[in-house]
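Novice: Just to be clear, the model below is a prediction. Sequence and coordinates:
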Amino acid sequence: FPVTIHEAMIDGEERARARESLDQMVREQLSDIRSLITGKSDLEDLGLSVREHLVLIIDAMGKYKEGEEEREKRLSAQLAQLRARVDEMEKEIEEKRQAFEEQKRKAAQDVLTGLPNRQGYQDRLTDELARHHRYGSPLALVVCDIDHFKRINDTYGHLAGDKVLQLIARM
């Protein structure tokens, strides 16, 4: 069953209530023992009464311990489930980050030639201008245009034109 942080908090509240209940019970039993000690003169009666109260305290502590062990088991299981969910979410975030970076790279690259597209050139130019201003290094920009390219497409077809673009891009 999937665990939520809210469920883990409820278990923590249950623990606090159990601790408080045990504390209150022990205090009441000790108060009763105190009253017995001051009120009884017969030592045998006093001894039996004190033993009865101590048995109640020991029983209550045993039940509390059992409850604590059960709560600890649940808490350990809940923490393990939460850890697994966090690990899963971290993995998913990393996968989405990588996919985003890949999409960002693809968005700045021409599918046919593999060269940067207009956005890719713009991003690179912005980076290079910043570097030029920061370090004062020389900066050169080369722009290439293929004259009369439309004639290649019209004469030989778009597949041939694509091949020419790919060859020029490799050069």
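Specialist: Cool, got the structure.
Novice: Where do the helices of this structure begin and end?
Specialist: In the chain, the segments counted as helices under DSSP state H are 5-39, 43-107, 118-135, 149-156, 158-170.
Novice: Disregarding flanking residues, what is the spatial nearest neighbour of D110?
Specialist: Of all residues not flanking D110 in the chain, N117 sits nearest, at 4.8 Å (C-beta to C-beta, 6 or more residues apart in numbering). Any C-beta I mention is one placed from the backbone N, CA and C, and that applies to glycine too.
Novice: would a markdown table of the helices of the chain with mean neighbour count and mean pLDDT be doable?
Specialist: What follows is the helices of the chain, written out as a markdown table (neighbours: other C-beta atoms under 10 Å; pLDDT from 0 to 100):
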| stretch | mean neighbour count | mean pLDDT |
| --- | --- | --- |
| helix 5-39 | 12 | 84 |
| helix 43-107 | 12 | 89 |
| helix 118-135 | 12 | 91 |
| helix 149-156 | 12 | 92 |
| helix 158-170 | 13 | 93 |
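Novice: between those, which gets nearest to V142?
Specialist: Comparing these against V142 with C-beta to C-beta, the closest turns out to be helix 118-135 (11.1 Å).
Novice: which one of the helices of the chain lies closest to L141?
Specialist: Going by C-beta to C-beta, the one of the helices of the chain nearest L141 is helix 118-135, 7.2 Å.
Novice: so how far is E92 from the residue most central in space within the chain?
Specialist: The centre of the chain sits closest to V86, judged by C-alpha atoms, centre = their mean, with a distance of 3.8 Å. For V86, the distance to E92 equals 11 Å [C-beta to C-beta, to the nearest Å].
Novice: same thing with A169?
Specialist: With distances taken as C-beta to C-beta, A169 is found 36 Å from E92.
Novice: likewise Q109?
Specialist: Counting by C-beta to C-beta, the gap from Q109 to E92 is 26 Å.
Novice: and what of A99?
Specialist: From A99 across to E92, the span is 10 Å (C-beta to C-beta).
Novice: okay, and the common contacts of the two?
Specialist: Shared contacts of A99 and E92 (C-beta atoms under 8 Å, 6 or more residues apart in numbering): none.
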